[in-house]
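here are the coordinates; sequence isn't available:
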């Protein structure tokens, strides 16, 4: 049976990442980048699709795990009747390819151990050719991919697996190393595993020491920031939404998407989280990635890109993988990359505005690009789109999309008025006012006393919580309070916020109904409660949301209140960004909710 998502921890090297289960299994690792074929894909299939297990060969009484302080070095301790053993996992920082090192350390007694390595390329579909190349070394090769495996433990082949048994006593250490390399090249040199673990720990400690956040939940906020850093692709500055694909939004369902890409929509949230915690260099790298990715004709702007700004992200289904707990199909690529989503222009301009407020100025070429985007919004804002939730049903005039088009024009005006940039500000101001009037006339339902999901509809949508957070209307406006009340009444389940109601027909998004509560939306409600002066309720909801993080501080995209489980891709950058921003908002009593509006 598959482990719960809560049972996994993240390791990474700022180039790629893997998930380690509390049973000692490495069940997901993509090489050489997030969007390449998996080396271990047991998370989406079975152990036969790739796994690396290092665990006691006797019954385990208890498992404890933690990160070594503010780092991405994972420790898992297994208590058995024979004794206690510690497994240390991390990924050394190596530019050319991912490298996983594992160290088994004896703590008490003498514990029999078993190691089982199942290497599969191309998402579990290709069994590589494994051969011994030295007494302690095996290589596995298939097509363009190769890995080298090193350990002093005697190993043997068994049913296309590599297995080994050994015993570790108190004070003893047994190292393992697995490194990817292109099959046409030479294997990387062997590493001193203990030295590599120490170097990784020190690197993360040095990075974490730059954090300036000192408010409530400091440990959880820093863990979220470390997670974001791990999801950043260092060569380009792009930040992926998650390191996984096709983890379901409902167990057994079909809402299974590939999140190993960089979403424009996350730009402002991510910039604010990083800047507010003192990570200016990472903020600039992310901002610069955005500018490179979106360069070109504004009509060709995509909602997401690859790690280096790649535009072609074709979607396909992997029929040979049964999916996480039978959740099919398993998808790679994302067809939503070709959708028209009006709101991303607002996110880009908001990110530019926020960067300037933080004294990160754009150069003239970047501003000329922004001017082209602004001109496009001024012409395109009346068009229907697929909206923030990337619906696969018909295009509509989504209220949130129009609000974010207003944000694009509002920030354009403010960039001229407050920061001295050049542009036809009178025209932009007129377009901004026209969009504002249009939303108030067509997005508001006086009968429901709420804004609605799309013009002419009656459905609610949690994205409407952004109306006060981006400054479209003040928090004390009766329409804002009416909308918040309606969302609390109809979209809150067991205290958590749904994006929208998918039951009974899935009419809006063209998909079968069913998904969990969306954690970023729940954090948006925290911000709205704080903005409207409901501080005790905001703190209480934040505490509940923070309590959903697993034992090592990680959050998925969604939470299923029925099952009491995290669901969706894991760990999810947007959830961690939202946690950081809400924590800042609550601790300062002025955070993203006020700053995004430019007040």
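Thanks, I have the structure now. All of these numbers come straight from a predicted model, not from anything done at the bench. Numbers count the residues shown, from 1 in each chain.

all contacts plus neighbour counts: C-alpha atoms, from now on.
Will do.

by contact count, what packs against the lengthiest helix in the chain?
Taking DSSP state H as the criterion, the chain has its longest helix at helix 399-419. Applying 3 or more C-alpha pairs under 8 Å, 6 or more residues apart in numbering; DSSP states H and E, we find helix 399-419 packed against helix 343-357, helix 364-380, helix 425-442, helix 466-469.

now those as a markdown table including mean neighbour count?
Shown next, in a markdown table, are these (neighbours: other C-alpha atoms under 10 Å):
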| stretch | mean neighbour count |
| --- | --- |
| helix 343-357 | 24 |
| helix 364-380 | 17 |
| helix 425-442 | 16 |
| helix 466-469 | 23 |
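
got the domain boundaries for the chain?
According to automatic domain parsing, the chain comprises the domains 5-185, 224-595.

any chance of these in TSV, plus mean pLDDT and distance to residue 217?
Output for the domains of the chain, formatted as TSV (pLDDT from 0 to 100; distance: least, C-alpha to C-alpha, whole Å):
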stretch	mean pLDDT	distance to residue 217
domain 5-185	95	14
domain 224-595	92	7
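
of all those domains, which lies closest to residue 203?
Closest approach to residue 203 among the domains of the chain (C-alpha to C-alpha): domain 5-185, 8.1 Å.

distance between the closest one and the chain's centre?
Distance, stretch centre to chain centre, for domain 5-185: 23 Å (C-alpha atoms, centre = their mean, to the nearest Å).

now stretch 545-553
Relative to its parent chain, stretch 545-553 has a centroid offset of 15 Å by C-alpha atoms, centre = their mean.

tell me the buried residues in that stretch?
By neighbour count on 16 or more other C-alpha atoms under 10 Å, the buried set for stretch 545-553 is 545, 546, 548, 549, 550, 552, 553.

redo those as JSON lines? Include secondary structure and distance to residue 459.
Below are these laid out as JSON lines (DSSP: H, G, I helix; E, B strand; the rest coil; distance: C-alpha to C-alpha, whole Å):
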{"residue": "545", "secondary structure": "helix", "distance to residue 459": "25"}
{"residue": "546", "secondary structure": "helix", "distance to residue 459": "29"}
{"residue": "548", "secondary structure": "coil", "distance to residue 459": "28"}
{"residue": "549", "secondary structure": "coil", "distance to residue 459": "30"}
{"residue": "550", "secondary structure": "coil", "distance to residue 459": "33"}
{"residue": "552", "secondary structure": "coil", "distance to residue 459": "37"}
{"residue": "553", "secondary structure": "coil", "distance to residue 459": "34"}
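
between those, which is nearest residue 93?
residue 552 (21.3 Å).

for residue 8, what are its contacts?
19, 20, 21, 22 (C-alpha atoms under 8 Å, 6 or more residues apart in numbering).

make sure residue 576 is indeed in a strand.
No - Residue 576 is assigned helix when assessed by DSSP: H, G, I helix; E, B strand; the rest coil, not a strand.

for it, grab the count of nearby residues.
Using other C-alpha atoms under 10 Å, residue 576 has 32 other residues around it.

correct me, but it touches residue 555?
Yes - between residue 576 and residue 555 there is a contact under C-alpha atoms under 8 Å: 6.8 Å.

redo the buried residues of stretch 545-553 as a markdown table? Include distance to residue 235.
Converted to a markdown table, these look like this (distance: C-alpha to C-alpha, whole Å):
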| residue | distance to residue 235 |
| --- | --- |
| 545 | 33 |
| 546 | 31 |
| 548 | 32 |
| 549 | 29 |
| 550 | 30 |
| 552 | 27 |
| 553 | 26 |
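
which pair in those residues spans the largest distance?
Most distant of the buried residues of stretch 545-553, by C-alpha to C-alpha, are 545 and 552, 14.7 Å apart.

and the strands in the stretch 1-150 of the chain?
Here the stretch 1-150 of the chain has its strands, by DSSP state E, counting those that start in this stretch, at 8-12, 17-21, 25-30, 38-40, 51-56, 60-67, 74-80, 83-90, 99-118, 129-134, 137-142, 145-150.

returning to what we had before: and the contacts of residue 8, which are buried?
For the contacts of residue 8, a burial check counting by 16+ other C-alpha under 10 Å picks out 19, 20, 21, 22.

rewinding a little: which of the strands of the stretch 1-150 of the chain sits closest to residue 516?
For the strands of the stretch 1-150 of the chain, the distance to residue 516 is smallest for strand 8-12, at 19.0 Å, taking C-alpha to C-alpha.

now stretch 478-487: buried residues?
479, 480, 481, 482, 483, 484, 486, 487.

for the third one, what are its contacts?
Residues touching residue 481, when contacts are defined by C-alpha under 8 Å, 6+ apart, comprise 475, 532.

what angle separates the helix or strand where residue 275 lies from helix 343-357?
For residue 275, the element it lies in under DSSP states H and E is helix 267-276. Angle between the axes of helix 267-276 and helix 343-357 is 20 degrees (criterion: axes from the mean of the first three to the mean of the last three C-alpha atoms, to 10 degrees).

against which helices or strands is whichever helix or strand comes after helix 267-276 packed?
Remark: after helix 267-276, the chain's next helix or strand is helix 280-294, criterion DSSP H and E. Here helix 280-294 touches strand 238-239, helix 267-276, helix 343-357, going by 3+ C-alpha pairs under 8 Å, 6+ apart.

which elements pack onto the second one?
If you count contacts as 3+ C-alpha pairs under 8 Å, 6+ apart, helix 267-276 packs onto helix 280-294, helix 343-357, helix 573-588.

so which elements touch the second one?
Using 3+ C-alpha pairs under 8 Å, 6+ apart, the elements in contact with helix 343-357 are helix 267-276, helix 280-294, helix 364-380, helix 399-419.

with distance to residue 147 as added columns, please give the helices and strands packed on helix 399-419 in JSON lines.
Converted to JSON lines, these look like this (distance: least, C-alpha to C-alpha, whole Å):
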{"stretch": "helix 343-357", "distance to residue 147": "39"}
{"stretch": "helix 364-380", "distance to residue 147": "41"}
{"stretch": "helix 425-442", "distance to residue 147": "55"}
{"stretch": "helix 466-469", "distance to residue 147": "46"}
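
compare these and give me the one nearest residue 394.
Closest of the helices and strands packed on helix 399-419 to residue 394 is helix 343-357, at 16.7 Å (criterion: C-alpha to C-alpha).

distance between that closest one and the chain's centre?
20 Å.

contacts only, for residue 490.
By C-alpha under 8 Å, 6+ apart, the contact list for residue 490 reads residue 460.

gap between it and residue 266?
26 Å (C-alpha to C-alpha, to the nearest Å).

same deal with residue 356?
18 Å.

again with residue 472
Going from residue 472 to residue 266 by C-alpha to C-alpha gives 19 Å.

pick out whichever of these two has more residues nearby.
Each of residue 472 and residue 266 has its neighbours counted (other C-alpha under 10 Å); residue 266 has more, 22 against 18.

just give the nearest non-adjacent residue to the more buried one, would you?
Leaving aside its chain neighbours, residue 266 sits nearest to residue 574 (6.8 Å; criterion: C-alpha to C-alpha, 6 or more residues apart in numbering).
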